[in-house]
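Participant: Quick one, fold the following:
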Amino acid sequence: MAELKRITLYTDGACSGNPGAGGWGAVLLFGEHRRELSGGEKETTNNRMELTAVIEGLERLKYPCHVDVYSDSAYTVNGFLEGWVYGWEKSGWKKADKKPVLNDDLWKRLLSLTRVHEVVFHKVKGHADNELNNRCDELAREAINLFSDK
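Facilitator: Got it, this is the predicted structure:
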């Protein structure tokens, strides 16, 4: 079996108002190659944009890869590191209080992608000195401008 290619994916999401116009940014790295991605929605939440950034990055990969995902979103990272997403799936996408999981459409897409790729999530400090996290934040904020009513 061939060794999986190692990809690094930095992501961030942002919102102007929560809910409000939102944007997401991602930077994919493979060796010397770098690809920047961004997009947004007119009416969304910060958490939806955080999840969307990871999904969009992973969906760009043409074959299974080992992917190190770096995000400042505790919501996204802890969903996997703390095992929340697996518990939600097992309980039919209900939380412990029996209420529906928010953003289950995106969690399902992301969970499916983690079964195609070997994904390792890493939490980074947001708005700090991490150049690639800061670049993702810039991409997300630029995308907000395309979707906001100014």
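Participant: Please make it C-alpha for all contacts and neighbour counts, starting now.
Facilitator: Will do.
Participant: Now for the residue sitting nearest the centre point of the chain: which residues touch it?
Facilitator: Of all residues in the chain, the one closest to the mean position by Cα atoms, centre = their mean is Val54, 2.6 Å from it. Val54 makes contact with 9, 11, 26, 69, 110, according to Cα atoms under 8 Å, 6 or more residues apart in numbering.
Participant: Try it again at 7 Å.
Facilitator: Thr11 (Cα atoms under 7 Å, 6 or more residues apart in numbering).
Participant: secondary structure class for it?
Facilitator: Look at Val54: counting by DSSP: H, G, I helix; E, B strand; the rest coil, its state is helix.
Participant: Poorly predicted segments of this structure, please.
Facilitator: Along the chain, the model assigns pLDDT under 70 to residues 1, 149-150.
Participant: the helices in it, which residues?
Facilitator: Per DSSP state H, the chain carries helices over the ranges 46-59, 74-81, 84-90, 104-114, 131-147.
Participant: Run the chain-centre distance for the longest one.
Facilitator: Its chain's C-alpha centre lies 13 Å from the corresponding centre of helix 131-147 when counted by Cα atoms, centre = their mean, to the nearest Å.
Participant: And stretch 61-73, by the same measure?
Facilitator: Centroid separation between stretch 61-73 and its chain, computed with Cα atoms, centre = their mean, is 9 Å.
Participant: Buried deepest among the helices of the chain, which one?
Facilitator: helix 46-59 (a mean of 24; mean count of other Cα atoms under 10 Å).
Participant: of the helices of the chain, which approaches Ser38 most closely?
Facilitator: helix 131-147 (6.0 Å; Cα to Cα).
Participant: contact partners of the closest one?
Facilitator: Contacting residues not belonging to helix 131-147 are listed as 10-15, 21-27, 38-42, 126-127 [Cα under 7 Å, 6+ apart].
Participant: Recalculate using a threshold of 8 Å.
Facilitator: Contacts of helix 131-147 (Cα under 8 Å, 6+ apart): 10-16, 21-27, 37-42, 70-72, 124, 126-128.
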